Structure formats: structure tokens, C-alpha cells
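got a predicted structure here, sequence first:
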Amino acid sequence: MVFGTTENRMASSIDSTKPATGSATTSSVRDNFALAKAEINELMRATEDIVTAAGTADALTADFVTNVVLTEGVTICIKAASANTSATPTLNVDGTGAKTIVKDSGAVLGAGDIAGSRHRLIFKYDASNSVWILINPAVTVLTVGASLYPVGSIYTNAAVATNPATLLGFGTWVAFGAGRVLVGLDGSNTLFDTVEETGGSADSPAVSSTTGSHALTIAEMPSHNHPGAPGALNYLSGGNPNFTWGGGGLGGKYGIDAQGGGAGHTHGITFDGTDANYQPFITVYMWKRTA
């Protein structure tokens, strides 16, 4: 901590006009000496007078040589004895009463924000809220990881199937998205306008029964042919022929069959399941943090 910065510079209460020239009084000199002593004591506590916390991990106590007066912004430094486990540990300085320890934002502490015996803790007193502000909470893998993966986040791993709670050391995780790919939410499309909405199918035969299926129009049908199908000219077993053929062993009646190649007709499509409708993909382990 640098006390020369604007943020941490102490505002002095010493009155430079006392004593006035030629009219020094014992009381004015004494007042300024008292103020100077108080400011020097505060600086010493913040920079040199470091005491080791007593009490417990979540109910710290500290005893300074010169008692601390709880005023707005007073700064102290304490060496921790052990790591906190509570979100609301307390600190009692020189018998002034147990005050809750919070972060600079006012948020509660996380387990391990007081890291342990080698952690030197810098506190500022917030008189308006009667709390001690921990200026330098520990930065650990757990605190950073929990920030990077808030509740609702998706974790992926392409090597091991171990639950992230074991790998990362925090959170509650459940397996997520088995056999599915992720799609960004699109509020303008009813297929994708809700978080964790599912749809679609891996195989083509089931497409017609899934949400968002689409019947192909004639213009969308791919080019195809029908090997061995009857031509436009067919033998007619009955009805009115267009003409008859009586020679060359081809006797009979012939005409344009209603199901001939040039007439309107319907094609059935048989799918044997050996093809699929997959996009390019790669498989990974996916987990969702729920708590």
C-alpha cells in the first residue's frame, strides 16, 4: 500500500495556524501535538505495527500497543493465523467489539479469502456500516475459477470424464447435452427462443416427426431418374388404345398409360437407415454448473 496516493492519503487534522505568530498558547500547541501523535500512530499501525490475529479462524481478535479508535478510514494490518471458512468472519480490535469483515464492494467473503498464516491482512474501517473492509482478499484458483464459471456455465473436456467439482474444486455440476450440439439463443425463431430448448433428430427418417420438419417442394427435389421404369408407351390390357400393332409378334393394344413417364405421378421414397443427416461434429464431455 502506498500512502502517497490520492486514494489512501490521510487527511491531516493538524491546524497549521496554531499557534498564531506571537501568540502561542499551551493549549493550541498541545492540541497539535495530540493530533500529530494520533496520525503518527495510525501510520505506524498501517505500515509497521503488525500483530498476529488471535481468536479463531472466523472470529479474529487483535491487540495493538496503541489502542485503535474506530473512526472512518482507520487502517490496520494484521497477520492471519488461519484461513476463514465462514462468509461472515468478524474482527475485534482492541476490545472495540466484533465487527463483520467484508470485501471492498461490501460483498461477503468467500472461504479462503483470508488465506492463512502467511497472509497479511490490510483492513480499513467503514464507520457508516460498522464493518472492517478487507482490502486484499486472497486470489486463489478457487476464487478465480468460480468467477470464470458462474452458475449456468458449460464446462467441456476432451480427455477425461471426471466431474468438474473434483477437477476444479468448486461448484455442483451435472452432465449436459448428451448427443446434442449447442445452438445460440435466437429470440426471433420459435425453435431457438428458450434456453435449453431441444429439437431436431440425428437420422433422416425421423425428420418428418420432429419440431421444425419441412416437406420438400417440387422445386427443392433433387434431380433423379428411375431406371427400368415403364416408358410413356405402354401395353394396354384394356381400354381404348391409341393404336394397335399387328405385326412382328408385337400384336396388341398400345397407348399412353396414365402413369407413364410424361404424366403426373407420385414417387415413394424408401430409406434403409444407412445414410444420416449429421453436421460435422466432434465429441467431448460436457457439464453444466448448477450451484
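Thanks, I have it. Numbering: from 1, shown residues only.

secondary structure class for the nearest residue to residue 134 once chain neighbours are set aside?
Excluding the flanking residues, the one nearest residue 134 by CB to CB, 6 or more residues apart in numbering is residue 101, at 5.4 Å. All C-beta spots, glycine's among them, are computed from the backbone N, C-alpha and C. What DSSP: H, G, I helix; E, B strand; the rest coil gives for residue 101 is strand.

what's near enough to touch residue 101?
By CB atoms under 8 Å, 6 or more residues apart in numbering, the contact set of residue 101 is 60, 84, 88-91, 109, 114, 123, 131-134.

repeat the analysis, applying 6 Å as the threshold.
89, 91, 132, 134 (CB atoms under 6 Å, 6 or more residues apart in numbering).

I'd say the third one and residue 122 touch.
No - using CB atoms under 6 Å, residue 132 is not in contact with residue 122; the gap is 10.3 Å.

more neighbours: these two, which one.
residue 132 (26 against 16; other CB atoms under 10 Å).

any idea what the more buried one is bridged to?
residue 101, residue 125 (DSSP bridges).

okay, it and residue 78: tell me how far apart.
10 Å (CB to CB, to the nearest Å).

likewise residue 68?
Taken as CB to CB, the span from residue 68 to residue 78 is 11 Å.

those two: which has the busier surroundings?
Neighbour count, other CB under 10 Å: between residue 68 and residue 78, residue 78 has more, with 25 against 21.

quick check, that one in a helix?
No - secondary structure of residue 78 (three-state DSSP): strand, not part of a helix.

list the beta-bridge partners for it.
Bridge pairing for residue 78 - DSSP bridges - gives residue 51, residue 121.

and it, how close does it get to residue 284?
If you go by CB to CB, the gap between residue 78 and residue 284 works out to 46 Å.

returning to what we had before: can you add pLDDT and give the contacts of residue 101 back as JSON lines?
What follows is the contacts of residue 101, written out as JSON lines (pLDDT from 0 to 100):
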{"residue": "89", "pLDDT": "96"}
{"residue": "91", "pLDDT": "97"}
{"residue": "132", "pLDDT": "97"}
{"residue": "134", "pLDDT": "96"}
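
and which of those residues is nearest residue 166?
Using CB to CB, residue 89 comes nearest to residue 166 of the contacts of residue 101, at 27.2 Å.
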